[in-house]
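**Q** With the input below, show me the fold.
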Amino acid sequence: MKSILISESEKRRILEMHQNATSRQYLMEGVPNTVLTSAGGVTIPARTVCTGEDYIKVSFIVKNSGDADAYLPEFPSFRPDNVNNVRPPVFHTPTYNVTIGGKPQWGQADGQNAPKIPKGVSATINMIIRTALTNPIGQTKSTNPTTKARGVADLNAFKSMKSGSITVRYNGSDLTIPVTFGGFLYNASNVCDAKIDLAKGF
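**A** Model prediction:
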């Protein structure tokens, strides 16, 4: 059998090629190949809020254009753009799910059930945003001038809110979707929308 002689410089070149390829492989293993994209922004129509509670159902379509299934173990979060004027406790996300053809989608993520968007598939994310104006409304009735002024400022900022964003957290880079509001009014004499519940399973 003939032996093949390789120069030291060629050995070093081959070794470097192998090390570089191995390093790239290790790096790629730590990066989820899951990418969610949105078809566009979300519009919330004008509405009247009363007695400090109101439930708004928001649905939007996203597509998983990656090579792995996407899992959403956390609530999508809503944030108004003027968050310094309208404090985050004004809004809560009590429930959410993912549906395809109206059917909730679930899968195993890290040993726990989580809403799932299969690779290459478009799905609808449904979430309920609850406005909770009880605190600022209570502040407007305070005898303390500073507390009362803060409550009035919060209510006025809420009524004039025009934009915000929803952030979807999953096993990939966060997806942020712009939100446009038609406007909010507050009327304590009206009856609010009843609580909305979303199906959590089959």
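
**Q** How about the contacts made by residue 55?
**A** 128-130, 192-196 (CB atoms under 8 Å, 6 or more residues apart in numbering). Any C-beta I mention is one placed from the backbone N, CA and C, and that applies to glycine too.

**Q** can you give me the strands for this structure?
**A** 36-38, 42-44, 47-49, 53-64, 70-71, 77-80, 91-100, 103-104, 106-109, 112-117, 122-132, 163-168, 175-181, 184-186 (DSSP state E).

**Q** so the fourth one versus strand 163-168, what angle?
**A** So the one you mean is strand 53-64. Counting by axes from the mean of the first three to the mean of the last three CA atoms, to 10 degrees, strand 53-64 lies at 60 degrees to strand 163-168.

**Q** Quick check, central residue of the chain?
**A** Most central in the chain under CA atoms, centre = their mean is residue 168, positioned 2.3 Å from the mean C-alpha point.

**Q** how close does it get to residue 39?
**A** 13 Å (CB to CB, to the nearest Å).

**Q** now residue 67
**A** For residue 67 relative to residue 39 (CB to CB), the value is 20 Å.

**Q** do residue 137 as well
**A** 36 Å.

**Q** go on, residue 61?
**A** For residue 61 relative to residue 39 (CB to CB), the value is 5 Å.

**Q** re the thing from before, may I have the beta-bridge partners of the residue nearest to the centre of the chain?
**A** Per DSSP bridges, the residues bridged to residue 168 are residue 175.

**Q** repeat for residue 79
**A** Going by DSSP bridges, residue 79 forms beta bridges with residue 165.

**Q** In contact with the residue nearest to residue 186 when sequence neighbours are not counted, which residues?
**A** Nearest residue to residue 186 in three dimensions, chain neighbours excluded: residue 49, at 5.4 Å (CB to CB, 6 or more residues apart in numbering). Contacts for residue 49 (CB under 8 Å, 6+ apart) come out as 131, 133, 184-187, 192.

**Q** what would the residues you listed look like in TSV with neighbour count?
**A** Below are the contacts of residue 49 laid out as TSV (neighbours: other CB atoms under 10 Å):
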residue	neighbour count
131	20
133	25
184	19
185	12
186	19
187	11
192	17
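
**Q** out of those residues, who's nearest residue 161?
**A** residue 184 (6.3 Å; CB to CB).
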